[in-house]
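Colleague: Mind looking at a prediction? Sequence and model below.
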Amino acid sequence: MTMARGTVRGLIPAVLAAVTLAGCSSSTGADDGRPGGPATSSAPAKAAGAGAEKTGAAGAGAEETGTGATEVAEKGGQIGGAGSACDLPVTFDIAADWKPRGVTMNPDPELAEVLAELSEQGTVKVVCEIDAKPAGSIGFLRVWQGKASEDDPRAVLKAFLADSPNGAEAAAYTQVTAGALAATEVGYTTHSELLDEPKKERAFAVATPDGPVVVHLGGMDTEEHTAMLPAFELAKRTLKLG
């Protein structure tokens, strides 16, 4: 079965029911149409070269990285290590009341290709999501992992944005640190088809011996995204190799 990516996006409502999340059923919270979020149809052209791209100076603080976060969320646990909800090549702290779960696909064979499309973006696949709803926000912090390669974090993020199902504009890349690791961070604007308006998203990437890791923060809208930035900062500042 061969179909265009836009067609795949249009089939999301029919296939999300076939996605099984380890330890929990799929969430129905509004986010961005990825596993655990609600279905939205596909729209835009890919963003490779679409938006203005900016590069900032290195910095470890929230203000320096441009997230706008003035605080770091209270720690509620740690993800990535042995016995945690997600087996990752890194570990990091998660905000209080946020609920993590590993993402696994258990599809009907007829839907395997469609679900594979939903779980991949650029050179990485979604492997874990941390749900903000128990903490009162609508959105997810998602972890994506790729196969071992020579790509640096910036290249991984550029491929990630180029494959964004709802476009990526005004991308601003910054060299930062995630814990003690060199990382690249990007803030950008995408289009919410659910609300028919632009919204901000943010991600950072690091290289590990087991492949690149991308930590991405979406949100139902820009207001929700901004409210969740302290959880993003907590993850970034406490990240370590597993």
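Modeller: Nice, I can see it. Numbers count the residues shown, from 1 in each chain.

Colleague: Poorly predicted segments of this structure, please.
Modeller: Applying pLDDT under 70 to the chain picks out residues 1-70, 105-107.

Colleague: Neighbours of residue 220, how many?
Modeller: Counted with other CB atoms under 10 Å, residues neighbouring residue 220 total 21. All C-beta spots, glycine's among them, are computed from the backbone N, C-alpha and C.

Colleague: Test my guess that it contacts residue 133.
Modeller: No - counting by CB atoms under 8 Å, residue 220 does not reach residue 133; the two are 10.3 Å apart.

Colleague: Pull out the buried positions in stretch 135-151.
Modeller: Judged by neighbour count (16 or more other CB atoms under 10 Å), stretch 135-151 contains these buried residues: 135, 137, 138, 139, 140, 141, 142, 143, 144, 145, 146, 151.

Colleague: Among those, name the ones in strands.
Modeller: Counting by DSSP state E, the members of those that fall within strands are 140, 141, 142, 143, 144, 145, 146.

Colleague: Identify the residue spatially nearest to the first one, adjacent ones excluded.
Modeller: When the adjacent residues along the chain are set aside, residue 140 lies closest to residue 129, with 4.7 Å between them (CB to CB, 6 or more residues apart in numbering).

Colleague: Can you list the strands that the helix or strand where the one you found lies pairs with?
Modeller: Secondary structure here is read from DSSP states H and E; on that basis residue 129 sits in strand 124-131. Strands flanking strand 124-131 in the sheet, each with its direction: strand 99-105 (antiparallel), strand 120-121 (antiparallel), strand 140-146 (antiparallel) (DSSP bridges).

Colleague: Next SSE downstream of the first one?
Modeller: I take that to be strand 99-105. helix 112-119.

Colleague: Indicate which one of the strands paired with strand 124-131 is closest to residue 195.
Modeller: Closest approach to residue 195 among the strands paired with strand 124-131 (CB to CB): strand 140-146, 16.6 Å.

Colleague: can you give me the angle that closest one makes with helix 112-119?
Modeller: Inter-element angle recorded for strand 140-146 and helix 112-119: 110 degrees (by axes from the mean of the first three to the mean of the last three CA atoms, to 10 degrees).

Colleague: Using CSV, write out the CA atom coordinates for strand 140-146.
Modeller: The C-alpha trace of strand 140-146 is given here as CSV (Å, rounded to 0.1, in the frame of the first residue of the first chain):
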residue,chain,number,x,y,z
PHE,A,140,2.8,16.5,25.6
LEU,A,141,6.6,16.5,26.0
ARG,A,142,7.6,13.8,23.4
VAL,A,143,10.9,12.0,23.0
TRP,A,144,12.0,10.9,19.5
GLN,A,145,15.0,8.6,18.8
GLY,A,146,16.9,7.8,15.6
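
Colleague: immediately after that strand, which helix or strand?
Modeller: In the C-terminal direction, the helix or strand that comes right after strand 140-146 (DSSP H and E) is helix 153-162.
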